[in-house]
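>>> structure for this input, please:
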Amino acid sequence: MKKIKGLKFYTFDEVFKKSFKSKAFREAYNEELVRLRLAHQIKKIRLEKNLTQKDVAGKAQMPQSVIARIESGTHSFSLGTLNRIAKVFNKEVELA
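Alright, predicted model coming up:
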């Protein structure tokens with residue numbers, strides 16, 4: 001913590017460490033990490049297979065904008081949507 005003219009400034013690490021003590025925060029944080037990893041994997045596999053977002057969307061019978069939103073990491077998605085995308089890549093959704 002750093003004080004300047006009566007104001008307290010905290011580093012990201014200080015704030016994160018304090019927040020991470022909360023069970024609700026930890027659960028939300030971990031859930032978000034899983035979603036972001038899935039979004040990254042979808043994009044990675046799509047690019048490895050030289051497919052466009054439109055290609056994947058067409059095969060999954062959904063609008064291209066859904067694929068774009070998922071890959072951007074800014075939107076959540078349902079298990080049903082994930083399953084339809086997984087089938088395009090001949091993958092299976094497995095819950096541990």
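
>>> wait, what's in contact with the closest residue to G73 other than its chain neighbours?
Of all residues not flanking G73 in the chain, A39 sits nearest, at 4.7 Å (CB to CB, 6 or more residues apart in numbering). Every residue, glycine included, has its C-beta placed from N, CA and C. Shown in contact with A39 (CB atoms under 8 Å, 6 or more residues apart in numbering): 70-73.

>>> in helices, which of these fall?
Using DSSP state H, the subset of the contacts of A39 located in helices is 70-72.

>>> picking that back up, now the residue nearest to G73. Its backbone dihedrals?
phi -60, psi -40 (degrees, to the nearest 10).

>>> thinking again about what came up before, tell me the buried residues within the ones in helices among the contacts of A39.
For the ones in helices among the contacts of A39, a burial check counting by 16 or more other CB atoms under 10 Å picks out 70-71.

>>> where do the strands sit along the protein?
In the chain, the strands defined using DSSP state E lie at 2-4, 7-9.

>>> quick check: mean pLDDT of the first one?
Taken as a whole, strand 2-4 has a mean pLDDT of 75.

>>> output the contacting helices and strands for that strand.
Applying 3 or more CB pairs under 8 Å, 6 or more residues apart in numbering; DSSP states H and E, we find strand 2-4 packed against strand 7-9.

>>> kind regards, and thank you for your time.
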